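Trainee: Next input, structure requested:
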Amino acid sequence: MTFLNILYSAAFINFALFVFNLIPIPPLDGSHIVFSAIDIKPETEVMLRKFGMPALLIILLVQNFTDITILPIGRIVNSLIGFFT
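Mentor: Prediction:
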């Protein structure tokens, strides 16, 4: 494996984690962006944060063990990298 292949793989993983972190599910940073953009009650935000982590784990487990694609992060990242390169 050449240095450029390793660099490309590292950049792909970094960009995939960046896109994944922007998903607006409460334990991720995308939820902070959405919650600051819309005006919701603090009680509603606390409730959403309470159920966010279990929802995220369920989504990731369902995607991992079935052929159902809920969060198409890989396709989004491939499209964005193709656009920029």
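
Trainee: okay, how far is it across stretch 24-34, tip to tip?
Mentor: Stretch 24-34 has its terminal residues 7 Å apart, counting by Cα to Cα, to the nearest Å.

Trainee: quick one: buried residues of that stretch?
Mentor: For stretch 24-34, burial by neighbour count (16 or more other Cβ atoms under 10 Å) applies to 25-26, 28, 30-31, 34. Placement of C-beta: from N, CA and C, glycine included.

Trainee: Give me the distance from it to the chain's centre.
Mentor: Distance, stretch centre to chain centre, for stretch 24-34: 9 Å (Cα atoms, centre = their mean, to the nearest Å).

Trainee: about what we covered before: sitting in helices, which of the buried residues of stretch 24-34 do you find?
Mentor: The helices, defined by DSSP state H, take in 30-31, 34 from these.

Trainee: pLDDT and distance to residue 4 for the residues you listed - can I get that in TSV?
Mentor: Shown next, in TSV, are those (pLDDT from 0 to 100; distance: Cβ to Cβ, whole Å):
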residue	pLDDT	distance to residue 4
30	90	31
31	90	36
34	89	37
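
Trainee: which one is the residue nearest the centre of the chain nearest to, not counting chain neighbours?
Mentor: Nearest to the mean C-alpha position of the chain, by Cα atoms, centre = their mean, lies residue 20 at 1.9 Å. Leaving aside its chain neighbours, residue 20 sits nearest to residue 73 (5.3 Å; criterion: Cβ to Cβ, 6 or more residues apart in numbering).
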